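Novice: model this:
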Amino acid sequence: MPAETPASAPPDLRREQMLRAAAELIGERGFSETRIADVARRAGASPALVIYYFSTKDQLLTEALRFSEEAFYRTVAAKLETLRSAREQLELLVRTTCVPQGEGEIPGAWGLWFDLWAQALRHPEIAKDRIELDQRWRDTIARVVRDGQQRGEIGDVDADAFAITFSALIDGLSIQVALRDPVVDPERAFAIAMAFAARELDVTWRPRRAPTAAPSGRSRRR
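Specialist: Numbers count the residues shown, from 1 in each chain. A predicted model of the protein is given here:
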């Protein structure tokens, strides 16, 4: 059991410890089986402190997912900057989602999305957070397309419309990979997504063996 978080620890550090603990526990056990007391115990804090920071368990779920997503987007943004073509950037987006567990990713991070989707069906506040998080993913895809258009690699395509379809496709494939479907493995998911992107964007791409590990997986995605 971790040591009690010192009362003098910086607030941001205490909050991060609680978010990481929540993300790990929800990934391991699921939202319904995770209690505030469990999160407090793993974070080395008190249940009262967890409630002080997050008010409700629902809010803790959405904030834990945001915490996981921020790490994903920081990694992706840094790597996108190093890639020179739209094809390479699209490959990166697919690789970082179509893996069952990304390197350095919080274990079971995809479970956060599964629980968020389930809660969003019944809770309007969580539904708002889901919309915001999904839009960020679509915006990331659309930005890659627009950058490719500016470089002359991609023609007259509606970037936002493509992002809606492409995000739905790779999210669906990622779910199959996360659930370890025997037919949709990471390599097949990668090939399906990239073949679709190549057709829609008129980008040259040839099937090849996809990496089975990535620097970080979208806790959904995403």
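Novice: ok, now how distant is the closest residue to Trp110 other than its chain neighbours from Glu91?
Specialist: Of all residues not flanking Trp110 in the chain, Ala178 sits nearest, at 4.1 Å (C-beta to C-beta, 6 or more residues apart in numbering). From N, CA and C alone the C-beta is placed, and that goes for glycine too. From Ala178 across to Glu91, the span is 19 Å (C-beta to C-beta, to the nearest Å).
Novice: ends of stretch 25-34, what's the gap?
Specialist: 6 Å (C-alpha to C-alpha, to the nearest Å).
Novice: buried ones in that stretch, by neighbour count?
Specialist: For stretch 25-34, the neighbour count (16 or more other C-beta atoms under 10 Å) marks 25-27, 31, 34 as buried.
Novice: now these as TSV including distance to Glu125?
Specialist: As requested, these are exported to TSV (distance: C-beta to C-beta, whole Å):
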residue	distance to Glu125
Leu25	21
Ile26	17
Gly27	22
Phe31	15
Thr34	18
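Novice: does anything pack onto the lowest-mean-pLDDT helix or strand in the chain? Which helices or strands?
Specialist: In the chain, the helix or strand scored least confidently by mean pLDDT, DSSP states H and E is helix 110-120, which has a mean of 82. If contacts are counted by 3 or more C-beta pairs under 8 Å, 6 or more residues apart in numbering; DSSP states H and E, helix 110-120 sits against helix 11-29, helix 57-80, helix 124-150, helix 159-178.
Novice: of all those, which one is nearest Val184?
Specialist: The closest approach between Val184 and any of the helices and strands packed on helix 110-120, judged by C-beta to C-beta, belongs to helix 159-178 at 3.7 Å.
Novice: what angle do that closest one and helix 124-150 make?
Specialist: Here helix 159-178 runs at an angle of 120 degrees relative to helix 124-150 (axes from the mean of the first three to the mean of the last three C-alpha atoms, to 10 degrees).
Novice: quick check: next helix or strand after helix 159-178?
Specialist: Counting by DSSP states H and E, the element after helix 159-178 in chain order, helix or strand, is helix 186-201.
Novice: how about residues contacting that next one?
Specialist: Helix 186-201 is contacted from outside by 86-87, 90-91, 94-95, 98-100, 145, 148, 154-155, 157, 162, 165-166, 169-170, 173-174, 176-177, 203-205, 207, 209-210, 212, using C-beta atoms under 8 Å, 6 or more residues apart in numbering.
Novice: buried subset of the residues you listed?
Specialist: The neighbour-count criterion (16+ other C-beta under 10 Å) marks 86-87, 90-91, 94-95, 98-100, 145, 148, 154, 162, 166, 169-170, 173-174, 176-177, 203, 210 among the contacts of helix 186-201 as buried.
Novice: surely Ala45 meets Glu16?
Specialist: No: with contact defined as C-beta atoms under 8 Å, Ala45 does not count as touching Glu16 (11.4 Å).
Novice: mind checking which of those two has more residues around it?
Specialist: Between Ala45 and Glu16, Ala45 has the larger neighbour count (other C-beta atoms under 10 Å), namely 23 against 13.
Novice: tell me the secondary structure at that one.
Specialist: coil (DSSP: H, G, I helix; E, B strand; the rest coil).
Novice: nothing else from me, thank you.
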